[in-house]
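1. what's the 3D shape of this:
(one chain, ligands or ions: 1)
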Amino acid sequence: MGKVFILMGPPGCGKGTQTSRLSAKLSLPHVDTGSLLRKNIEDGTALGAEAKGYMDKGELVPAELVSRIIKNRLEQDDARGGYILDGFPRSIEQAHILEGIQNELGYDTENVAIYFDVPTEVLVERLVNRRSCPQCGKIYNLLSIKPQVEGKCDVCNVDLIQRSDDTAEVANARFKTYNESTAPLLDYFSDKGILKKINANLPIDEVWAQILELLGK
Ligand code: AMP
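-> Sure thing, here's the model as predicted:
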């Protein structure tokens, strides 16, 4: 049976970085709703235009839009054997939507939710110092994971960018949204017996080691 990993945690908890590793290790597609939404904005789609207003304010994009994106992505053949969800579901409503999509698709998979536990005090600092490569997506941090040449990606040598919602003001709004809408999912997944917790307030390799242990690798 294939596995579906649902990576959960507050903004800046490091799940994007770990998902890239997990995706490479298990050869499972990385399905990141935030990136898919940003791609729609870049491509100038109607969906992107509608989503942008919510994203700029740190609010959840309406579930109907996100579920369309997720369904389109999961219909692709590479998701049949399992996939990693990064940033979805983000509410109980979306968890029900996911169950509906999974029933409809009928793939032989089981869900495992991994919660990245980090005290929120350290997260605003992480977010405002986060930069990424627009080409390969590699994530840097100006304090802890600095690029070798200031402002440039180590791999692609292009200028690093800062996400427009990684400012202190929008980051705070994103935490509020997380606490109100997403945190209740912890009990929801725990009640289903599929929730695993890791301490994500550690260096990247140590967080990765916990994930490997959880996978039994
Ligand atoms: P992220 O890249 O995961 O931090 O997401 C950036 C922004 O995209 C969030 O602050 C939301 O506005 C929007 N977003 C991403 N995933 C979802 C989702 N599952 N539901 C609603 N909005 C989302």
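
2. host element of the one residue in the chain that gets nearest to the ligand?
-> Distance from the ligand to each residue of the chain (C-beta to the nearest ligand atom) is smallest for G34, at 2.0 Å. All C-beta atoms are positioned from the backbone trio N, CA, C, and that covers glycine. Using DSSP states H and E, G34 sits within helix 33-42.

3. circling back to that earlier point, neighbours of the closest residue to the residue of the chain closest to the ligand other than its chain neighbours, how many?
-> Among residues not flanking G34 along the chain, G87 sits closest, at 4.9 Å (C-beta to C-beta, 6 or more residues apart in numbering). G87 has 23 neighbours, counted by other C-beta atoms under 10 Å.

4. repeat that for S181.
-> S181 has 17 neighbours, counted by other C-beta under 10 Å.

5. what sits against the spatially closest residue to G58 that is not a sequence neighbour?
-> What sits nearest to G58 in space, not counting adjacent residues and going by C-beta to C-beta, 6+ apart, is A173, at 3.1 Å. Residues counted as contacts of A173 (C-beta atoms under 8 Å, 6 or more residues apart in numbering) are K57, G58, E59.

6. how far away is A173 from V128?
-> A173 sits 13 Å away from V128, taking C-beta to C-beta, to the nearest Å as the criterion.

7. contacts for the helix holding G34, please.
-> The contact list for helix 33-42, computed with C-beta under 8 Å, 6+ apart, reads 47-49, 51-52, 55, 61, 66, 69-70, 73, 85-88, 90, 137, 163.
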